[in-house]
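A.B. asks: Return a 3D structure for these sequence lines:
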Amino acid sequence: MAIGTIAVAGQAVAATGRPALAAAPAPAVTVQLNQDTAALHGLVNHFQRGESNVALADCPGAKAGSTTFSSPVLKFANYDFGPFIGVNATVSADADLVSGTAAGDYPLTVACGGKTYSATFTVPASQVATVPEGAAKAGDGSLAE
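C.D. replies: Numbers count the residues shown, from 1 in each chain. Okay, here's the model as predicted:
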């Protein structure tokens, strides 16, 4: 007689009559832009101009050479693999905004352990830098003595 599993009153039971061992659930994977800290409370997944922006992922399969972040509006550099102290992540990378990016919501994706995981982050209108056109107007010097 082959040993398998059967359902008895909502519980998997082996054909031997003993409860079957359930497969362990896959660990949750998280991906985010920036970590929520006291100084930046509520700004997880928001790009912050003038600050260091960091892509973070907690992925058990993260390892150098096979783990990458991607986004249509961010460039990534300086990958680091944890675990990290005080940060729930196994991989991080510096994230720089691509010039000319408009305010809006964008995807942030990490590929690790042979799978892809995504989150959405926001580039607030107040964070998009506008560079003035033309030379600075400091005066023509006609009032100089």
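A.B. asks: how about the strands in the chain?
C.D. replies: With DSSP state E as the criterion, the chain has strands at 5-8, 11-14, 30-33, 54-58, 68-70, 74-81, 91-97, 104-112, 115-123.
A.B. asks: which one of the ones you listed lies closest to residue 46?
C.D. replies: In terms of Cβ to Cβ, the element of those nearest to residue 46 is strand 115-123, at 5.1 Å. (Glycine included, C-beta is placed from N, CA and C.)
A.B. asks: rewinding a little: any idea which of the strands of the chain is most buried?
C.D. replies: strand 54-58 (a mean of 23; mean count of other Cβ atoms under 10 Å).
A.B. asks: Any regions of the protein where pLDDT drops low?
C.D. replies: Counting by pLDDT under 70, the chain contains low-confidence residues at 1-27, 38-40, 128-145.
A.B. asks: Please repeat the previous calculation with a cut-off of 80.
C.D. replies: Under the criterion pLDDT under 80, the flagged ranges of the chain are 1-28, 36-42, 126-145.
A.B. asks: and the closest residue to residue 84 other than its chain neighbours, how far is that from residue 82?
C.D. replies: The spatially closest residue to residue 84, leaving aside those adjacent along the chain, is residue 92, at 6.9 Å (Cβ to Cβ, 6 or more residues apart in numbering). Taking Cβ to Cβ, to the nearest Å as the criterion, residue 92 is separated from residue 82 by 7 Å.
A.B. asks: Residue 111 too?
C.D. replies: Taking Cβ to Cβ as the criterion, residue 111 is separated from residue 82 by 17 Å.
A.B. asks: what do you get for residue 70?
C.D. replies: The separation that residue 70 has from residue 82, given Cβ to Cβ, amounts to 20 Å.
A.B. asks: picking up where we left off before, and the strands of the chain as CSV, adding distance to residue 45?
C.D. replies: Written out in CSV, the entries for those read as follows (distance: least, Cβ to Cβ, whole Å):
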stretch, distance to residue 45
strand 5-8, 41
strand 11-14, 38
strand 30-33, 5
strand 54-58, 10
strand 68-70, 13
strand 74-81, 12
strand 91-97, 11
strand 104-112, 8
strand 115-123, 4
